[in-house]
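> here's my sequence, what's the structure:
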Amino acid sequence: MKFVTISREYGSGGREIALAVAKELGVELYDRDIIRRVAKESGLDYDYLNMEAEALTKTESFLRSITPMQYDQKDTLFDMQREAILGFAAQGPCVIVGRCGDSILEGAGYECFNVFLHADDAHRALRIGERMNTSDEALIQKSMHHVDSARKAHYERYSGRRWGDYKNYDLMLDTGRLGADEAVRLIVEAVKASA
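So this is what the prediction gives:
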């Protein structure tokens, strides 16, 4: 079986869907486990690492392109995440959520089935509001924009690919239109059909 990677827009249900896909396929899911492993091996604080993991801002990305400054801390953190992902992959097929899993695994010669999940702003806002326990639309929109911008900058910096570009994925699904259950069904069927 191929490795499955799931990239996602914030609020599209990526973790929930990835968990169900892993269960249906009978494989492990690695998401926050990647950060836990890095924290354990490095002795760094999990909460700090979780916050910093994909938080490469547009400003940092721009500064990297125009100055010779090095961002050793973020680069080191990415290298540690890459090693954690490859360590998990060495144990056998699994589902990896985010963190440039597709690029890392393919770069190491693993055969992957890459998925990108997205949804319209209304569906995402509803899910984010529930997660944040707020109905403050301005706060929800700000959070949505901030997380997506950070994920995009991180992915593009470390993979050299465009985040959300159909050329990088085997399957792209609108979870707002389909719903989580149908997204899971389609991913599992597609992974099995491509084996």
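> how about A122, nearest residue that isn't a chain neighbour?
Nearest residue to A122 in three dimensions, chain neighbours excluded: G176, at 7.2 Å (Cβ to Cβ, 6 or more residues apart in numbering). (C-beta placed from N, C-alpha, C; glycine too.)
> ok, the one you found touching A125?
No. Using Cβ atoms under 8 Å, G176 is not in contact with A125, being 10.1 Å away.
> more neighbours, the two?
The neighbour comparison of G176 against A125 (other Cβ atoms under 10 Å) goes to G176, with 21 against 18.
> that one: what secondary structure?
helix (DSSP: H, G, I helix; E, B strand; the rest coil).
> before we move on, the earlier item: how close does the residue nearest to A122 get to Y155?
Distance of G176 to Y155, given as Cβ to Cβ, to the nearest Å: 21 Å.
> ok, then the element right after the helix or strand bottoming out on mean pLDDT in the chain?
One helix or strand of the chain scores below all others by mean pLDDT, DSSP states H and E: helix 58-66, with a mean of 49. Using DSSP states H and E, the helix or strand that follows helix 58-66 towards the C-terminus is helix 72-89.
> can you report phi and psi for V4?
In this entry, V4 is assigned phi and psi values of phi -110, psi 130 (degrees, to the nearest 10).
> what do you get for C100?
phi 60, psi 30.
> and it, how many neighbours?
Other residues lying near C100 total 26 when counted by other Cβ under 10 Å.
> that one against Y155, yeah?
Yes. Applying Cβ under 8 Å as the test, C100 and Y155 come out as touching, 5.9 Å apart.
> residue contacts, the residue nearest to the spatial centre of the chain?
Relative to the mean C-alpha position of the chain, the nearest C-alpha, by Cα atoms, centre = their mean, is the one of G98, at 1.5 Å. G98 sits next to 6-8, 14, 31, 54, 151 when contact means Cβ atoms under 8 Å, 6 or more residues apart in numbering.
> quick one: it from A122, how far?
Per Cβ to Cβ, G98 is found 23 Å from A122.
> where does the protein have low pLDDT?
Residue ranges of the chain with pLDDT under 70: 44, 46, 48-72.
> so how far is the longest helix seen in it off the chain centroid?
With DSSP state H setting the assignment, residue counts place helix 137-159 as the longest helix in the chain. Centroid separation between helix 137-159 and its chain, computed with Cα atoms, centre = their mean, to the nearest Å, is 12 Å.
> that older thread, in contact with the residue nearest to A122: list those residues for me.
Taking Cβ under 8 Å, 6+ apart, one finds 12, 119-120, 122-124 in contact with G176.
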